[in-house]
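Visitor: fold the following and give me the result.
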Amino acid sequence: MIDILTFMLSLGVGNVTFALLMAGYMRGATPSPSLTVWIWARLFSGLAQVCCWLAPQFGFPLAGKLASFASVVGVALELAAYCLFFGFAHWRRFLYPASVAGMAVVTLALLAGATTEQMVCVVAMIVALFAAGAAAVLLRPQKGASLLQRIIGANDALFALAIWATMGVTRGNVAALGASSLVGFAYMASYLLMIVNGFGFLLMCKQQDDANMQRLATVDCLTGALNRRAFFERAESARMLALRLRKPVALVMLDLDHFKRLNDSFGHACGDQALRMFADTAGAVLRDHDLIGRLGGEEFALALPGTTLDGAFQAAERLRLAVAAAPLPGCSGDYRVTVSIGLVLIEPNEELTAALARADHALYAAKSGGRNRVEVGAAILKCA
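Guide: Just a heads-up that it's a prediction; the model follows:
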């Protein structure tokens, strides 16, 4: 079996290498605070492990002391990177005091003249506590958590359990590690921590970047609604699914009334606020599986799967009333936006573009009829 000093050196070199790989990954890319903190975590962990090798190998007692502090800093930074990655708002409130407490324990142990074996036990337990904290962050109940996230969390939990089990069996006697059957388990957990967490965090960052790119490609950046291309793709998928299931799909065209007048009177910032207000109101009124897209300017479209013509009319009326009641505080206290709506039911085997054209005709009729109203489009005439 590999001796512990050689093992610590290999872990140290591995962690420093991971840090350099991550630095190369970030070069030329959009700065990532979580990845930057993670790089420092890998560097401090690598420094601690190299110092653990240097201290007995060359008789540098100071290196052993540095290893203790660097180990605590490394795992604290690793937990901070996770908190930043998941966007925790108040992580500093608990992580800063925990980090200071860990450093204080190490300092007190050194001042009390703790032996090397005792320092290893103290630092190992602190590291295990932070690893358990990282596991709690990654394994917490969370909607949409990826399998990769769960694997990394399980790896952190395994590492913490390996340390606690090893310390428990040896009763803190580090010298007995060579004879313990758990030493191989502890080595393997440490190695997996480096490999799985090192590559895993990079892959999680890439997953996040890919998701952001996908969002930018499909979502209108101003309103958060689907953009024109994404709406057409998803509405067509909804139409095809409804055709197979023989379910209805309602299609709605909407236009904010007098939008140019709003821009001219209060400025484009107010117009942008009106567009966002409409999208937010529609999101609150409609069902989760309903589709809303911004087709351009002040024109929006809705696809309502599984909705009859009567149900679509009622939904459109609720939306119209909700929009008319929503204030625009950044524009004028008494100004209210209204919306004109045209809706149709997609006929069996009717193309999406044809249904949109019918809904657009109904929208034109709603505007011609005085605006701030819902108009139902004419059905397709069937030959006798």
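Visitor: can you pull the domain assignment for this structure?
Guide: 4-216, 228-376 (automatic domain parsing).
Visitor: now those domains in a markdown table, with mean neighbour count and distance to Leu222?
Guide: The way it works is simple: take the backbone N, C-alpha and C, and place the C-beta from them, glycine included. Listed next are the domains of the chain as a markdown table, based on neighbours: other C-beta atoms under 10 Å; distance: least, C-beta to C-beta, whole Å:
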| stretch | mean neighbour count | distance to Leu222 |
| --- | --- | --- |
| domain 4-216 | 17 | 12 |
| domain 228-376 | 18 | 6 |
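Visitor: least confident of those, on average?
Guide: Of all the domains of the chain, mean pLDDT reaches its minimum on domain 4-216 (a mean of 83).
Visitor: can you give me the offset of that one from its chain's centre?
Guide: Its chain's C-alpha centre and that of domain 4-216 lie 22 Å apart, by C-alpha atoms, centre = their mean, to the nearest Å.
Visitor: got the end-to-end distance for that domain?
Guide: End-to-end distance of domain 4-216: 49 Å, with C-alpha to C-alpha, to the nearest Å as the criterion.
Visitor: would you map the strands across the stretch 201-350 of the chain?
Guide: With DSSP state E, counting those that start in this stretch as the criterion, the stretch 201-350 of the chain has strands at 249-256, 291-296, 299-305, 327-328, 332-336, 339-345.
Visitor: quick one: distance of the third one to the chain centre.
Guide: Relative to the mean C-alpha coordinate of its chain, strand 299-305 is positioned 27 Å out (C-alpha atoms, centre = their mean).
Visitor: show me what that strand is packed against.
Guide: Judged by 3 or more C-beta pairs under 8 Å, 6 or more residues apart in numbering; DSSP states H and E, strand 299-305 is in contact with helix 228-245, strand 249-256, helix 268-285, strand 291-296, helix 309-325.
Visitor: how about these, which one is nearest Met167?
Guide: helix 268-285 (51.8 Å; C-beta to C-beta).
Visitor: now that closest one, how far from the centre of its chain.
Guide: Centroid separation for helix 268-285 versus its chain: 24 Å, with C-alpha atoms, centre = their mean.
Visitor: what is it packed up against?
Guide: Under the contact criterion of 3+ C-beta pairs under 8 Å, 6+ apart, helix 268-285 touches strand 249-256, helix 259-266, strand 291-296, strand 299-305, helix 309-325, strand 327-328.
Visitor: now do that helix: everything it contacts.
Guide: The contact list for helix 268-285 (C-beta atoms under 8 Å, 6 or more residues apart in numbering) reads 222-225, 254, 256, 259, 262-263, 292, 294, 298, 300, 302, 315, 318-319, 322-323, 326, 328, 330-331, 337, 339.
Visitor: at 7 Å what do you get?
Guide: Contacting residues not belonging to helix 268-285 are listed as 222-225, 256, 259, 262-263, 292, 298, 318-319, 322-323, 326, 328, 330-331, 337, 339 [C-beta atoms under 7 Å, 6 or more residues apart in numbering].
Visitor: sorry, back to before: rebuild the strands of the stretch 201-350 of the chain as TSV, extending it with distance to Leu62.
Guide: Output for the strands of the stretch 201-350 of the chain, formatted as TSV (distance: least, C-beta to C-beta, whole Å):
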stretch	distance to Leu62
strand 249-256	70
strand 291-296	63
strand 299-305	67
strand 327-328	65
strand 332-336	68
strand 339-345	72
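Visitor: of all these, which one is nearest Ala104?
Guide: strand 327-328 (52.7 Å).
Visitor: which neighbours does the closest one have in its sheet, and in what orientation?
Guide: Using DSSP bridges, strand 327-328 pairs in its sheet with strand 332-336 (antiparallel).
Visitor: which one of the helices and strands packed on helix 268-285 lies closest to Met119?
Guide: strand 291-296 (60.2 Å).
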